[in-house]
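Participant: Predicted model and sequence follow; I will ask about them next.
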Amino acid sequence: MIVSLFSARRLVWFPQRAHSRTTPGRLLGSSSNPHPQESPYSEPPINRPQPPAPGPAIGREEELHDENRNAADKTENSQNESDESTDQEDNGKSTRLTLMEQILLLGLKDREGYTSFWNDCISTGLRGCVLIELALRGRIELENTGMRRKQLTTRKVIVKSSEPTGDVILDEALRHMKETNPPESATSWIEYLSGETWNPLKLRYQLRNVRERLAKNLVEKGVLTTDKQNFLLFEITTHPLSDGNQKTKLIKEVQDAVLGKWTNDVHRMDKRMLSLIMMAHASDVLENAFAPLNDQDYEIAMKRVRSLLEMEFDAESVKDKKNVDVMWGVFEVFSK
């Protein structure tokens, strides 16, 4: 009797379960399973799409466009920051040489460790490099002529900033220029720093032992080493090449500037590289950089260097937007 009633109850409740969303455990009054299984007949919840936000479609498109553009700008900025950090790391790893040290390195014989005895141009050329290096570092400039047109060689050199550069030779020259009143022209300063003046009162401005001091700087930077050589009855100090990679890299950069990376617009050239080429020619050491070239490349390189030497430096200084008139003034001094 009990069995039949239980069976009858199951028969009665089966049709109801087909239309109910309640679990079988609750219908039977069972509480032993705290996590009842979901009925296979229960309907899944319906995900109805949300209505679009009010507003014109055109405004929404503009917002999406702005978001995409901002995302692109952030990506580009992050890429630029990454490139700049990489460049800074590369520059930190490489030895930074001044313009004077580069000229001396081009003029030195690798094994002998001294410059040619027949080169009488490198002394004044190094003094011109001192002026250009100070100008590139923002320490000096030429006087402002306003509406009047004056030649570069007659304009006075003005000290723009007397902050030390950290280089002994540059700081010594900067101190002389600051103490001189009235100011002098670039032509006069090259003569004073070289000691090639007839004015005995200006001889105190001469920079002495420049080549020896520059060579010691290169020794400290690991580019050169120190040695002794006997010349008949005399013993002199020489500085043979220690790190050949530095000079090879320097020569390669000079060659690329007039060959693979050449530009007909001089104002698009790097000012330091332009100064290196011009002052290497004035110091009679540019030939050492072009010696490894084949005949065809050598002819092209010399032709382009001649085009630089034939420029009107007064006119080019007016076109220059970077305001390095001292550089153009030194070029004008050595072109005469």
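Facilitator: Ah, there it is.

Participant: Thought residue 279 was touching residue 107, still the case?
Facilitator: No - Residue 107 is beyond contact range of residue 279, at 11.1 Å (criterion: CB atoms under 8 Å). The C-beta positions use only the backbone N, C-alpha and C, and glycine is treated the same way.

Participant: okay, these two: which has more neighbours?
Facilitator: The neighbour comparison of residue 107 against residue 279 (other CB atoms under 10 Å) goes to residue 279, with 27 against 22.

Participant: So the more buried one: helix, strand or coil?
Facilitator: Following DSSP: H, G, I helix; E, B strand; the rest coil, we place residue 279 in the helix state.

Participant: ok, it - contacts?
Facilitator: Contact partners of residue 279, counting by CB atoms under 8 Å, 6 or more residues apart in numbering, are 99, 103, 125, 128-129, 132, 330, 334.

Participant: taking the residues you listed one by one, which sit in helices?
Facilitator: Secondary structure of the contacts of residue 279 is defined by DSSP state H; positions in helices are 99, 103, 125, 128-129, 132, 330, 334.

Participant: Which of the contacts of residue 279 sits closest to residue 214?
Facilitator: residue 103 (8.7 Å; CB to CB).

Participant: Excluding sequence neighbours, find me the nearest residue to the closest one.
Facilitator: Spatial nearest neighbour of residue 103, chain neighbours left out: residue 283 (5.3 Å); criterion: CB to CB, 6 or more residues apart in numbering.

Participant: how close does residue 290 sit to residue 245?
Facilitator: Taking CB to CB, to the nearest Å as the measure, residue 290 and residue 245 are separated by 19 Å.

Participant: Let me see the confidence value for residue 201.
Facilitator: Per-residue confidence (pLDDT) for residue 201: 89.

Participant: Give me the phi and psi angles of residue 322.
Facilitator: For residue 322, the backbone dihedrals are phi -90, psi 0 (criterion: degrees, to the nearest 10).

Participant: my guess is it meets residue 271, correct?
Facilitator: Yes - under the criterion of CB under 8 Å, residue 322 lies in contact with residue 271, with a separation of 6.5 Å.

Participant: More neighbours: which of those two?
Facilitator: Neighbour count, other CB under 10 Å: between residue 322 and residue 271, residue 271 has more, with 16 against 9.

Participant: Do a quick rundown of the strands in the stretch 51-200 of the chain.
Facilitator: When secondary structure is read from DSSP state E, counting those that start in this stretch, the stretch 51-200 of the chain shows strands at 140-142, 157-159.

Participant: For the last one, the averaged confidence score.
Facilitator: Mean pLDDT, computed over strand 157-159, is 96.

Participant: partners of that strand in the sheet?
Facilitator: Here strand 157-159 has these sheet partners by DSSP bridges: strand 140-142 (antiparallel).

Participant: Report the distance from the partner strand to the chain centre.
Facilitator: Centroid separation for strand 140-142 versus its chain: 23 Å, with CA atoms, centre = their mean, to the nearest Å.

Participant: Excluding residues flanking it in the chain, which one is nearest residue 178?
Facilitator: In this structure, residue 178 finds its nearest non-sequential neighbour in residue 159, 4.8 Å apart by CB to CB, 6+ apart.

Participant: Of residue 290 and residue 245, which one has the most company?
Facilitator: Set side by side, residue 290 and residue 245 give different neighbour counts by other CB under 10 Å, the larger being at residue 290 (18 against 10).

Participant: What confidence value was assigned to the more buried one?
Facilitator: For residue 290, the predicted pLDDT is 97.

Participant: was I right about it contacting residue 303?
Facilitator: No - with the criterion set as CB under 8 Å, residue 290 and residue 303 do not qualify as a contacting pair; they are 11.5 Å apart.

Participant: Skipping adjacent residues, who's closest to residue 140 in space?
Facilitator: residue 134 (4.7 Å).

Participant: who are the neighbours in contact with the one you found?
Facilitator: Contact criterion CB under 8 Å, 6+ apart gives 140, 165, 170, 173-174, 326 as the residues in contact with residue 134.

Participant: ok, 7 Å please
Facilitator: Residue 134 is in contact with 140, 170, 173-174, counting by CB atoms under 7 Å, 6 or more residues apart in numbering.

Participant: What of residue 225?
Facilitator: Contacts of residue 225 were listed using CB under 7 Å, 6+ apart, and they are 219, 239-240, 242.

Participant: which two in the residues you listed are spaced the farthest apart?
Facilitator: Between any two of those, the greatest separation by CB to CB is 10.3 Å, found for 219 and 240.
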